[in-house]
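[1] Have a look at this prediction, sequence included:
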Amino acid sequence: MSEVNLDALMNQTTEGEMPTSLPPCPQGEFLAQIEKVEPRSGVSQKTGNPYVQLVVTWNILDEQAQQAAGRETLRVRQSMLLDLDDSGNIISGKPDKNIGLGQLRDALGQNDGGPWSPSMLQGTAPVIVRVGHRPDPNDPGRVYDEVVRVAKAA
């Protein structure tokens, strides 16, 4: 794209309606590959406690799912809260900590106990993801797609 004349853009007219929401990915199991992994931190509105979550953006590789959603590129997210120690390190080896992360690592063949970091999730082979829908609490007519399960590809 060449440089845009911002003054002209502000006076440009268009016709037709624009979408107001993104069509969700259909529910089901699809071949997908990680596109992006990013940590996010915040403070819980309910408890006031700080948290860190890992947000994984998956690219759905299934053409039928892409067509059903009317999108050429179909991305869905998976978020998981991370259990961290007092130094801010990811806890491993405890039976009740980071289960979702362990399941993700296992599906990707990265849960063998060797040295590991979240950046190793990017560029991995495709796996099967199960996509579910979650209603918007403020607008029940709007749904968000989310990855609810990850498994090794056959």
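    The structure has been received and is ready for your questions.

[2] Checking the residue most central in space within the chain next. Helix, strand or coil?
    Residue closest to the average C-alpha location in the chain (CA atoms, centre = their mean): residue 77, at 1.7 Å. What DSSP: H, G, I helix; E, B strand; the rest coil gives for residue 77 is strand.

[3] didn't it look like it was pressed against residue 147?
    Yes - contact status for residue 77 versus residue 147: in contact at 6.8 Å, counting by CB atoms under 8 Å. Quick note: C-beta positions are derived from backbone N, CA and C, even for glycine.

[4] residues shared between the contacts of these two?
    Common contact partners of residue 77 and residue 147 (CB atoms under 8 Å, 6 or more residues apart in numbering): 56, 58.

[5] mind listing what's buried in stretch 11-26?
    Across stretch 11-26, burial judged by 16 or more other CB atoms under 10 Å covers 24-26.

[6] Apologies, that question was intended for stretch 146-154.
    Result for stretch 146-154 [16+ other CB under 10 Å]: buried residues 146-147, 150.

[7] if we look at it, which residues are touching it?
    29, 31-32, 56, 58, 76-79, 103-104, 106-109, 125-134.

[8] where does the biggest helix by length in the chain sit relative to the chain's centre, distance-wise?
    The longest helix of the chain (DSSP state H) is helix 99-107. On the basis of CA atoms, centre = their mean, to the nearest Å, helix 99-107 sits 14 Å off its chain's mean C-alpha point.

[9] Mind giving me the packing neighbours of that helix?
    Where contact means 3 or more CB pairs under 8 Å, 6 or more residues apart in numbering; DSSP states H and E, helix 99-107 is packed against strand 74-81, strand 139-151.

[10] So which bits of it are buried?
    Buried-residue list, helix 99-107, by 16+ other CB under 10 Å: 100-101, 104-105, 107.

[11] average pLDDT for it?
    For helix 99-107, the mean per-residue pLDDT is 96.

[12] Just the angle for that helix relative to strand 139-151, thanks.
    With axes from the mean of the first three to the mean of the last three CA atoms, to 10 degrees defining the directions, helix 99-107 sits at 50 degrees from strand 139-151.
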